[in-house]
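Chemist: I'd like to go over a predicted model; first the sequence, then the structure.
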Amino acid sequence: MICADRANLSHADKSEPQRLNTASFGGLFGVTSPDKVVDAEELPAKAVFPQHECGLFGVFGHPNAAVLTYYGLFALQHRGQESAGIVTSNGPGTTFHMHKDMGLVSQVFGPDDLEKLKGTRAIGHTRYSTTGSSTAKNAQPFVVDCVRGQMAIAHNGNLINADILRDELERKGSIFQTTADSEIILHLLAQPSDNGANVLGALRRIEGAFSLLIMSERELIAVRDPFGWRPLVLGKLDGAYILASESCALDLIHAEFIREIEPGEVLIINENGLRSERPFPDVQPAFCMFEYVYFARPDSIIGGVNVAKVRTEMGRELARKFPVEADIVVPVPDSGNYAALGFAEELNIPYEQAFVRNHYIGRTFLQPSQLIRDFDVRVKLNLIKEMVAGKRVVVIDDSIVRGTTARARVVNLREAGAREVHMRVSCPPHRFACHYGIDFPDPDKLIANQMSMEKICEYLGVDSLGYLDVEGMVRATGRPVNEFCLACFNGKYPLPVDPALDKFIMERRDQRAKALAGEETHPTLFADLK
């Protein structure tokens, strides 16, 4: 039996926050004052952890902003498959235009929809519901008209203090229309400056993993949390600035890649150009390793390194750590392809794509219903039996989360006549919940948290099982270990977490409110009227 080691990762403490210089530009930031900065230490100790994993795309200064955003969301479809939306604007004094709905980008937008989205600025969003239900009301971007004018927001990540902030806002009279944590940010931004609130204070009050696109009447603003959990990049096309979750979206529209938005950076784009500010505390970066392992598209550039290259090197590291005598190396497509290629090249074993993927089926990992996931396991991949019959097969997968899919693949191989089946995994075992935006929040559903390595091997029905260790995984990126969040592997969380909370925290809030409304002792709105 083969198993992987685990490593610990610690992050530096927060340092004294910096102040945002708002003097030299107008718009959303120009009407605020940074005199009163809310320090994170003043927030209540108890926090909740809704999650959110999505794709963002924004355009500033292009006559076909909506169409570019439409294609950009196509490239980011892998980051969310439940809903999509676009908001456009022509600048100050014009009305925002919005279209969003449930479904894939190609299902939500048609030629007529895009024709109505007039404007030179746009933000778009494709969603997977890791905070709140998969419903139309939670589809983004969100748009409001408030004392600061019109604003729209698109959010990728999660706020770990969302419940605290929502309680506070509701006590002050805020009315929420959704159960998504992203709406909380919009409420904070929309508060007038005369009550002590300002944009800097609003951004500094939110904690957790967040990459944001905020569109006001004058500006397009990109925000990345100080830990840098989720990716966000800047590009340029025909003089227009482009923002996207991943660089692959820039490639699709032939935009020039300029750079990544840095952790803790607020980038303001307006008619005067770009302005970069850093209003957040200085902390040790904690980029999500799972972006490299699974989530990001292989043609994206993250941290100056191509994702496909990193995954190939993970396969090489895996082969060096857990070699095996075999006849063929078979990837579990698509995210296991490059690790399998590296594994096969390192051991000089033939690489065969014996599993054929049905590309009309979405990622099983990203489906919110277990019923749908089980169905997808059966229809997502088909096996070319002639390639594996009578052979010793090494199956390379990028990760094993629940184990359902991996077990089904092994069953298929055995039924097809494979003589031996060896499983190799290009990341360490997932043993801990992610509270920063990847949807495996319940440790009870993580197979490595419930079984020993021997039991996992027995459950999967493989002859041997090998996981890449943390050291090899990090080494494959070429980046220092202290730049990553490895909490799902080693349990070392950069920010405190409550393991009891999950994606439906906001729904339970609504249920509690309804229960209170049914009690006789609950006050009515017109209790004093006769």
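Modeler: Now that the structure is in, tell me what you want to look at. Numbers count the residues shown, from 1 in each chain.

Chemist: Any stretches of the stretch 51-200 of the chain with poor pLDDT?
Modeler: When residues are selected by pLDDT under 70, those of the stretch 51-200 of the chain lie in 51-53, 129-135, 192-197.

Chemist: one more time with 50
Modeler: 51-52, 130-132, 195-197 (pLDDT under 50).

Chemist: Put the alpha carbons of the strand or helix carrying E346 into PDB.
Modeler: According to DSSP states H and E, E346 maps onto helix 337-347. Provided in PDB are the C-alpha atoms of helix 337-347 (Å, rounded to 0.1, in the frame of the first residue of the first chain):
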ATOM      1  CA  ASN A 337      -4.200  14.500 -18.800                       C
ATOM      2  CA  TYR A 338      -1.100  16.500 -18.100                       C
ATOM      3  CA  ALA A 339      -0.100  14.700 -14.900                       C
ATOM      4  CA  ALA A 340      -0.500  11.400 -16.700                       C
ATOM      5  CA  LEU A 341       1.700  12.700 -19.500                       C
ATOM      6  CA  GLY A 342       4.400  13.700 -17.100                       C
ATOM      7  CA  PHE A 343       4.100  10.300 -15.300                       C
ATOM      8  CA  ALA A 344       4.400   8.400 -18.500                       C
ATOM      9  CA  GLU A 345       7.400  10.400 -19.800                       C
ATOM     10  CA  GLU A 346       9.300  10.000 -16.500                       C
ATOM     11  CA  LEU A 347       8.900   6.200 -16.400                       C
END
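
Chemist: buried ones in it?
Modeler: Neighbour counts over helix 337-347 (16 or more other C-beta atoms under 10 Å) mark N337, Y338, A339, A340, L341, G342, F343, A344, E346, L347 as buried. For every residue, glycine as well, the C-beta is placed using N, CA and C.

Chemist: from those, which single one is nearest C485?
Modeler: Within these, the smallest distance to C485 is 20.4 Å, found for A339 (C-beta to C-beta).

Chemist: Let me see the confidence value for the closest one.
Modeler: Looking at A339, its pLDDT reads 98.

Chemist: Could you look up the next helix or strand downstream of the longest strand along the chain?
Modeler: Counting residues, the longest strand found in the chain (DSSP state E) is strand 149-159. Downstream of strand 149-159, the first helix or strand assigned by DSSP H and E is helix 162-171.

Chemist: Would you indicate which residues of that next one are buried?
Modeler: The neighbour-count check on helix 162-171 (16+ other C-beta under 10 Å) flags A162, D163, I164, L165, R166, E168, L169 as buried.

Chemist: Next one: the residue nearest to the first one when sequence neighbours are not counted relative to A308, how far apart?
Modeler: When you say that, I think you mean A162. Closest residue in space to A162, ignoring its immediate chain neighbours: D181 at 3.9 Å, by C-beta to C-beta, 6 or more residues apart in numbering. Distance of D181 to A308, computed by C-beta to C-beta, to the nearest Å: 32 Å.

Chemist: tell me the average confidence for the lengthiest helix in the chain?
Modeler: Across the chain, the longest stretch assigned as helix under DSSP state H is helix 307-321. Mean pLDDT, helix 307-321: 98.

Chemist: contacts for that helix?
Modeler: 4, 291-293, 296-301, 335, 337-347, 396, 398, 424-427, 466, 468-469, 472-473, 475-478 (C-beta atoms under 8 Å, 6 or more residues apart in numbering).

Chemist: With stretch 383-395 instead?
Modeler: For stretch 383-395, the surrounding residues in contact (C-beta under 8 Å, 6+ apart) are 324-332, 343, 349, 352, 354-356, 409-410, 412-413, 416-424, 462.

Chemist: now these: which count as buried?
Modeler: Applying 16+ other C-beta under 10 Å to the contacts of stretch 383-395 flags 324, 326-332, 343, 349, 352, 354-355, 409-410, 412-413, 416, 418, 420-424, 462 as buried.

Chemist: Can you flag which of those residues belong to strands?
Modeler: Going by DSSP E, the strands hold I328, V329, V330, P331, F355, E420, V421, H422, M423, R424 from the buried ones among the contacts of stretch 383-395.

Chemist: Just want to know which of D181 and A308 has more residues nearby.
Modeler: Comparing D181 with A308 by neighbour count (other C-beta atoms under 10 Å), the higher total belongs to D181, at 31 against 18.

Chemist: Just read off the phi/psi values of the more buried one.
Modeler: Backbone geometry at D181, expressed as degrees, to the nearest 10, gives phi -70, psi -20.

Chemist: D145 now?
Modeler: In terms of degrees, to the nearest 10, the main-chain angles of D145 are phi -120, psi 110.

Chemist: One more: R259?
Modeler: Dihedral angles for R259 - degrees, to the nearest 10 - are phi -170, psi 170.

Chemist: No further queries at this time; thank you.
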